[in-house]
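Enquirer: Got a predicted structure here, sequence first:
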Amino acid sequence: MKAIHKVILAAILGATAAGCAGTKQLTQQEMLQQYPAITRLEQAVATARQNNVDIYAPDGFAAAEQQLKTAAAAGKRSQKPAVGKATSIGLAAIDQANRDADNSRDILSEVVQARGKAIDAGARDLFPKDTAELDNKLSETANLIERSKVEKAKQIRPELRQAYSDLELRTLKQGTVQRAELAVLHARKNDAHKLAPKTFNAAQESLTLATSLLEANRTDRDKAETAAQRAVVLADRSSNIAELIKDFDRRDFESEDIVLWYQEQLAASTAPLDRKLQFNEPNKVTIQGLKKDINALIDDRRQLASATQRLADADVATAALNTKHAEEIAMLKQEAAGEQAQLTASQQDRERKFSSIQQMYSADEADVFRQKDNVVISVRGVKFPTGSSEIEPHSFALMNKIIKSIQTFDNPVVQIVGHTDATGGAEANRKLSAQRADSVARFLSDVGGYPADRIKAEGMGSDKPIASDATPEGRAQNRRIDVMIINKPAQ
């Protein structure tokens, strides 16, 4: 393995020094078309990065990445021998790095598993610095394996596994238990443990249960979250009870005063029901009457919701007819335009580019629209794991189509907009859609070589659906990435 790394290092130095500057500088698109081996190396490096090979085999990954830069530089100068040499060495380096990474994952399997749990718990968001430091240490340890210092790496393994495990527990507690702890502390400061001990003790028991569940079995996150939420509710309730008791004491309330206060509160809260409470009946009868009135209101609301849904369904049907009508009109206009006089050279060029981009994508991958001089690619085929922003490797081919589409035009601004369906919370959806848009933008920049300052990314969450979220098909359509290629208007 040492010999392989020495050969790779020597090849890097030789390939970097080889060749002289060509007379013509190729564009990125021309270079990739002329040298498909560079694209293969780009894709191999991108896939390796997605698989964390840069962490588990850092030397080999760095060597392959350097060869990619060398090949790209030589390609732009039309130095074919240098490109062939660099890409050949780079592909060999990335193959070796993948094997070394698999070996590191096998030897450090417990560490890899602990790291995955910490990241799934949200450690990158809550403790980004600590996560990065541990990842650096993991990379250093994997590098020892890569350099055949396996025993030394095994000595570090227990400490690293425990560090990731501790990070996971800290993350879970911060997200699940912290708010409950603060609520119980606030209730104690409000003397709830003295004035409302039953409710306060129940809150503390729920908090203890949440903590115990996490420490005993970290996969019981849902149960721990339920216990923590119950602790918050009970702690707040005990605090409010304590405040009422203090108020009664300040006003020297007797038992009758408390009952009268309760009846006044009940009458005030039910005033919108147009039901005047006399309290000349037993409390049980009064409460039963109120429940009957409330149930009647609930039935009315259900009927109203049903009618509203029927109206919404009618709106959807109308919108579908309008869309179909608009498509028919657009088709007629397109046919009429084809019968007009010959288009100008610039118009023909725009039409050709737009048509070539449309033909790149299948119906399952994307829809392509034209907005004057701009092109919108509504991409459905780029896949992400559920709740994640990491692009799945089998989507890389589609991502390369997007890169090729952008390169069809001269230095456009590219706007990436992420969309989700309405499943989950609005804020979480906006955050996830923004992260996915950022992942696409980074891919265009890191893999496609497109300038990062020409790419804008944002997430819209579920705010702009294109289909109903009531069906799986509609939700699938709403989970998309819109790529807008913004060109300068024609002169």
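Expert: Yep, that arrived.

Enquirer: Which residues does stretch 35-46 contact?
Expert: With Cβ atoms under 8 Å, 6 or more residues apart in numbering as the test, stretch 35-46 has contacts from 31-32, 61, 64-65, 67-68, 71-72, 75, 80, 83-84, 87-88, 90-91, 94, 396, 400, 443, 446-447. Yep, even glycine has a C-beta here, placed from its N, CA and C like the rest.

Enquirer: Now do stretch 264-280: distance to the chain's middle.
Expert: 49 Å (Cα atoms, centre = their mean, to the nearest Å).

Enquirer: Which residues belonging to that stretch are considered buried?
Expert: Judged by neighbour count using 16 or more other Cβ atoms under 10 Å, the buried positions of stretch 264-280 are L266, T270, L277.

Enquirer: got the residue ranges for the helices in the stretch 1-150 of the chain?
Expert: 2-17, 28-34, 36-50, 53-56, 58-76, 80-107, 109-121, 123-126, 128-146, 150-176 (DSSP state H, counting those that start in this stretch).

Enquirer: Ok, which of the ones you listed comes nearest T386?
Expert: Among the helices of the stretch 1-150 of the chain, the nearest to T386 by Cβ to Cβ is helix 109-121 (11.4 Å).

Enquirer: from the contacts of stretch 35-46, which would you call buried?
Expert: Neighbour-count burial (16+ other Cβ under 10 Å) is assigned, among those, to 31-32, 61, 64-65, 67-68, 71-72, 75, 83, 87-88, 90-91, 94, 396, 400, 443, 447.

Enquirer: Pairing partners for the nearest residue in space to R380 that is not next to it in sequence in the sheet, please.
Expert: Across the structure, with Cβ to Cβ, 6 or more residues apart in numbering as the measure, the residue nearest R380 apart from its sequence neighbours is R480 (5.2 Å). Note on R480: beta-bridge partners by DSSP bridges are H419.

Enquirer: and if you look at the one 5 residues further on?
Expert: Partner residues in beta bridges with I485: V375, V414, with DSSP bridges as the criterion.

Enquirer: Assess the claim that it and I406 are in contact.
Expert: Yes. Taking Cβ atoms under 8 Å as the definition, I485 is a contact partner of I406 at 5.8 Å.

Enquirer: Overlap of the contact sets of those two?
Expert: When Cβ under 8 Å, 6+ apart defines a contact, the residues bordering I485 and I406 alike are P412, V414.

Enquirer: As CSV, the helices of the stretch 1-150 of the chain with mean pLDDT and distance to F253 would be great.
Expert: Converted to CSV, these look like this (pLDDT from 0 to 100; distance: least, Cβ to Cβ, whole Å):
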stretch, mean pLDDT, distance to F253
helix 2-17, 47, 83
helix 28-34, 78, 80
helix 36-50, 91, 67
helix 53-56, 93, 66
helix 58-76, 92, 72
helix 80-107, 93, 69
helix 109-121, 88, 49
helix 123-126, 82, 46
helix 128-146, 93, 53
helix 150-176, 86, 39
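
Enquirer: tell me the most buried of those helices?
Expert: Mean neighbour count, computed with mean count of other Cβ atoms under 10 Å, is highest for helix 53-56 among these, reaching a mean of 24.

Enquirer: So which elements touch that one?
Expert: Secondary structure elements in contact with helix 53-56, counted by 3 or more Cβ pairs under 8 Å, 6 or more residues apart in numbering; DSSP states H and E, are helix 58-76, helix 80-107, helix 128-146.

Enquirer: Distance to A319 for those - can I get that in JSON lines?
Expert: Converted to JSON lines, the helices and strands packed on helix 53-56 look like this (distance: least, Cβ to Cβ, whole Å):
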{"stretch": "helix 58-76", "distance to A319": "47"}
{"stretch": "helix 80-107", "distance to A319": "49"}
{"stretch": "helix 128-146", "distance to A319": "43"}
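
Enquirer: Can you check which of those gets nearest to D373?
Expert: Distance to D373, taken as Cβ to Cβ, is lowest for helix 58-76 among those, at 27.9 Å.

Enquirer: And the helices in the stretch 351-491 of the chain, which stretches?
Expert: Using DSSP H, counting those that start in this stretch, the helices assigned to the stretch 351-491 of the chain run over residues 396-407, 426-446, 472-478.

Enquirer: so where's the stretch 251-400 of the chain uncertain?
Expert: Under the criterion of pLDDT under 70, the regions of the stretch 251-400 of the chain flagged as low confidence span 336-344.

Enquirer: again, 80 this time
Expert: Where the stretch 251-400 of the chain drops to pLDDT under 80, the residues are 271-278, 325, 333-349.

Enquirer: separation between Q174 and E215?
Expert: Remark: distance between Q174 and E215 (Cβ to Cβ, to the nearest Å) = 14 Å.

Enquirer: All set now, cheers.
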